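A.B. asks: give the three-dimensional model of this entry:
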Amino acid sequence: MSDRFTVAIVGRPNVGKSALFNRMVKASASIVHSQKGVTRDRLYGTVRWQGEEFTLLDTGGLDLASDEDLVRAIRFQVEQAITEADALIFVVDVRSGLTAEDLEVAEVLRKTQKPLVLAANKVDVARHFDKTADFYELGFEDVYPVSAAHGLGVGDLLDRLLEIMRTQGASMEEMTLELAGPETSPETSLESTGFPEIDDLGDSQDAQGSRGLKGPREPQESKEPLAPTGDVPPERIAIAIVGKPNVGKSSLVNALLGDSRMTVSSVPGTTVDAVDTPFRWQDTDFVLIDTAGLRRPKVIGEKLEELSVGRALSAMKRSHVVILVLDGNQPPSAQERRIAGYIRRNGKASIIAVNKVDLGLWSDVSRDQYRSAVLYECRPVDYSPVIFMSALTGRGVESILPLVLETYAEYGKRIDTALLNQAVTEITTMNPPPKEARFYYATQVGQNPPRMVFFVRNPKKVSAMYERYLENELRKRFGFQGTPIVMEFKERQRKRRQ
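C.D. replies: The predicted structure is shown next:
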């Protein structure tokens with residue numbers, strides 16, 4: 001479990017949990033949409049308030065009645081988040097009023113005996129304020145009226161959370177961010193929490209209870225700006241895991257982390273957010289970004305799925321290394337080629353992971369045959385290493401992070417100018433370019449990805465075929481496995497005679 005004080009946002013579906021999460025971390029980290037079940041995995045963000053920091057978890061809507069596989073998987077994620085958290089924000093919807101589902105969720109949360117703050121959300125106009133009194137029936141001392149949409153009352157909510165945090169003696173100035181993963185043991189489990197057919201919730205902290213001033217208070221708009229979580233810190237290697245729906249991306253994340261942090265289901269489209277999970281392995285800090293499956297745009301029928309695809313593409317832009325996951329039981333497709341093209345255009349390092357090899361390969365082809373088919377279909381990134389694995393059994397998964405480190409090193413590789421020019425001379429001598437495109441010299445001007453500038457007599461005469469030849473020969477000499485090489489051809493500036 002992380003040493004950082006952790007707060008989980010919980011509640012039934014569609015009460016505005018993700019909107020409150022986004023308001024508190026001041027970042028669009030979670031998709032906000034009116035469809036039930038939009039948030040399915042545990043999302044992590046950092047909240048900074050009054051000089052303190054804590055980790056905030058957003059969770060899927062808690063539906064205790066349904067036995068659908070996906071709902072059960074979401075329910076498991078909520079259970080894990082509650083077990084992991086030091087305190088809870090229980091979100092209800094004043095527009096809908098008190099519901100039977102709210103009462104059921106309240107009973108489950110009460111049994112955890114964890115500090116709890118009840119947030120009555122969607123108090124967007126004055127007439128909604130009086131409706132908050134109904135929620136005292138839930139049996140908690142305080143009701144905090146908030147409007148996640150407008151920020152009203154969020155400051156009061158944060159102040160109360162800091163009170164709880166300080167009461168538990170968790171000063172955030174002395175803590176460091178580590179992987180926030182649940183730890184359970186027989187001593188910390190509770191019996192009969194109310195989750196149907198799911199393991200009992202854990203009580204990992206001493207009971208503190210909820211306390212504060214009685215009676216609803218007029219919501220106050222937050223005066224102090226909430227610092228955003230921002231992009232991935234530069235000291236972390238960001239890994240985006242992408243691919244078509246239902247190829248096993250979340251299963252791969254879980255296999256790498258050893259934690260069912262993502263909702264894993266056989267239903268295509270289970271993951272709709274890009275979920276950031278920081279962790280440490282062999283003294284190196286990483287961030288894993290699991291993304292929604294990328295479908296062809298013409299088959300996206302809902303606004304939600306458009307948002308998910310946009311989030312997945314954004315996740316790729318934030319990453320250093322992209323792992324493109326394929327289902328080995330299916331032939332490589334044109335959709336993988338489109339994703340590969342996007343990876344290449346955005347200058348990201350890449351690894352191709354062929355998943356589900358425990359079920360055999362498509363059409364019983366050999367691995368060499370399948371690798372050739374993959375590299376042909378994914379030809380925009382045909383320099384990528386290909387790994388065969390099974391996220392379900394763990395076979396081959398142990399090779400992924402070492403390969404990520406190797407690929408990241410290639411991504412940041414820098415070639416000495418003298419060695420580069422020696423290589424260019426050999427390459428252009430072996431297969432000369434047109435006379436009009438005589439090469440003078442070259443230099444590497446950037447890394448992550450490697451970027452090289454070649455000064456030539458007439459850049460327009462360097463054909464795409466010759467550029468490809470030059471790139472292949474540079475790879476033979478210097479490696480650059482898994483990383484694009486950005487090449488720019490410029491005309492040499494001649495010195496003017498005085």
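
A.B. asks: ranges for the helices of this protein?
C.D. replies: Remark: helices assigned in the chain by DSSP state H are 17-25, 69-84, 100-112, 154-167, 249-257, 303-318, 334-345, 367-377, 400-411, 417-430, 464-478.

A.B. asks: can you give me the buried ones in the last one?
C.D. replies: This points to helix 464-478. Buried residues in helix 464-478, defined by neighbour count with 16 or more other C-beta atoms under 10 Å: Tyr466, Tyr469, Leu470, Glu471, Glu473, Leu474, Phe478. The C-beta positions use only the backbone N, C-alpha and C, and glycine is treated the same way.

A.B. asks: residues in contact with it?
C.D. replies: 383, 413, 415, 423-424, 427, 430-431, 433, 437, 452, 454, 480-481, 485, 487, 489 (C-beta atoms under 8 Å, 6 or more residues apart in numbering).

A.B. asks: how about 6 Å then?
C.D. replies: Ile415, Ala423, Ile427, Pro433, Ile485 (C-beta atoms under 6 Å, 6 or more residues apart in numbering).

A.B. asks: any low-confidence regions in the chain?
C.D. replies: For the chain, the stretches flagged by pLDDT under 70 are 1-3, 27-42, 64-74, 169-234, 259-276, 290-314, 494-498.

A.B. asks: can I see the domain layout of it?
C.D. replies: According to automatic domain parsing, the chain comprises the domains 6-182, 237-411, 417-491.

A.B. asks: rewinding a little: any idea which of the buried residues of helix 464-478 is closest to Val47?
C.D. replies: Nearest to Val47 out of the buried residues of helix 464-478 is Phe478 (C-beta to C-beta; 44.6 Å).

A.B. asks: and that closest one, how far from Val25?
C.D. replies: For Phe478, the distance to Val25 (C-beta to C-beta, to the nearest Å) stands at 42 Å.

A.B. asks: likewise Val154?
C.D. replies: The gap separating Val154 from Val25 is 11 Å, by C-beta to C-beta.

A.B. asks: also Gly51?
C.D. replies: From Gly51 across to Val25, the span is 17 Å (C-beta to C-beta).

A.B. asks: and the two? which has more neighbours close in?
C.D. replies: A count of neighbours by other C-beta atoms under 10 Å puts Val25 above the other of Gly51 and Val25, at 24 against 9.

A.B. asks: identify the bridge partners of the nearest residue to Met24 once chain neighbours are set aside.
C.D. replies: Nearest non-adjacent residue to Met24, counting by C-beta to C-beta, 6 or more residues apart in numbering: Val47, 5.2 Å away. Val47 has these beta-bridge partners by DSSP bridges: Phe54.

A.B. asks: so Val47 touches Leu56, yeah?
C.D. replies: Yes - contact criterion C-beta atoms under 6 Å: Val47 and Leu56 qualify, at 5.0 Å.

A.B. asks: burial count for Ala373?
C.D. replies: 16.

A.B. asks: and the closest residue to Arg371 other than its chain neighbours, how many residues sit next to it?
C.D. replies: Using C-beta to C-beta, 6+ apart and skipping residues adjacent in sequence, the residue nearest Arg371 is Val386, 4.9 Å away. Around Val386 there are 18 other residues, counting by other C-beta under 10 Å.

A.B. asks: got it, and Ala87?
C.D. replies: Counted with other C-beta under 10 Å, residues neighbouring Ala87 total 23.

A.B. asks: quick check: the gap between it and Thr46.
C.D. replies: From Ala87 to Thr46 the distance is 15 Å (C-beta to C-beta).

A.B. asks: list the contacts of the residue nearest to Arg371.
C.D. replies: Ile352, Arg371, Val374.

A.B. asks: give me that answer again for 10 Å
C.D. replies: 324, 326, 351-354, 367, 370-372, 374-375, 378 (C-beta atoms under 10 Å, 6 or more residues apart in numbering).

A.B. asks: list residues touching both of Val47 and Leu56?
C.D. replies: Counting by C-beta under 10 Å, 6+ apart, the residues touching both Val47 and Leu56 are Val7, Phe21, Met24, Val25, Leu161, Thr229.

A.B. asks: now Ala120: closest residue in space, sequence neighbours ignored.
C.D. replies: Computed as C-beta to C-beta, 6+ apart, the closest residue to Ala120 that is not its neighbour in sequence is Thr132, at 4.3 Å.

A.B. asks: which among the contacts of Val386 end up buried?
C.D. replies: Those of those that meet the buried threshold are Leu324, Leu326, Ile351, Ile352, Ala353, Val354, Tyr370, Arg371, Val374, Leu375, Cys378, by 16+ other C-beta under 10 Å.

A.B. asks: looking at these, which one is closest to Gln80?
C.D. replies: Ala353 (25.0 Å).

A.B. asks: wait, doesn't the closest one sit right on Leu401?
C.D. replies: No - if you go by C-beta atoms under 10 Å, Ala353 and Leu401 don't touch, sitting 11.9 Å apart.

A.B. asks: returning to that earlier point: next, format the shared contacts of Val47 and Leu56 as a markdown table and append distance to Ile343.
C.D. replies: Formatted as a markdown table, these follow (distance: C-beta to C-beta, whole Å):
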| residue | distance to Ile343 |
| --- | --- |
| Val7 | 35 |
| Phe21 | 29 |
| Met24 | 33 |
| Val25 | 28 |
| Leu161 | 40 |
| Thr229 | 24 |
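
A.B. asks: may I ask which of those has the most neighbours?
C.D. replies: Met24 leads the shared contacts of Val47 and Leu56 on contacts (other C-beta under 10 Å) with 28 neighbours.

A.B. asks: list the contacts for that one?
C.D. replies: Applying C-beta under 10 Å, 6+ apart, we find Met24 in contact with 7, 9, 45-49, 54, 56, 58, 89, 146, 148, 151, 154, 157-158, 161, 222, 226.

A.B. asks: and Leu401, how many neighbours?
C.D. replies: If you count neighbours by other C-beta under 10 Å, Leu401 ends up with 17.

A.B. asks: next: the one 5 residues further on.
C.D. replies: Look at Glu406: counted by other C-beta under 10 Å, it has 17 neighbours.

A.B. asks: likewise Asp130?
C.D. replies: 12.

A.B. asks: then Thr167?
C.D. replies: There are 12 residues near Thr167, going by other C-beta under 10 Å.

A.B. asks: distance of it from Gln50?
C.D. replies: For Thr167, the distance to Gln50 - C-beta to C-beta - is 15 Å.

A.B. asks: ramachandran angles for the residue nearest to Asp285 when sequence neighbours are not counted?
C.D. replies: Closest residue to Asp285 apart from its sequence neighbours, by C-beta to C-beta, 6+ apart: Arg236 at 4.5 Å. Backbone dihedrals for Arg236, given as degrees, to the nearest 10, come out at phi -100, psi 140.
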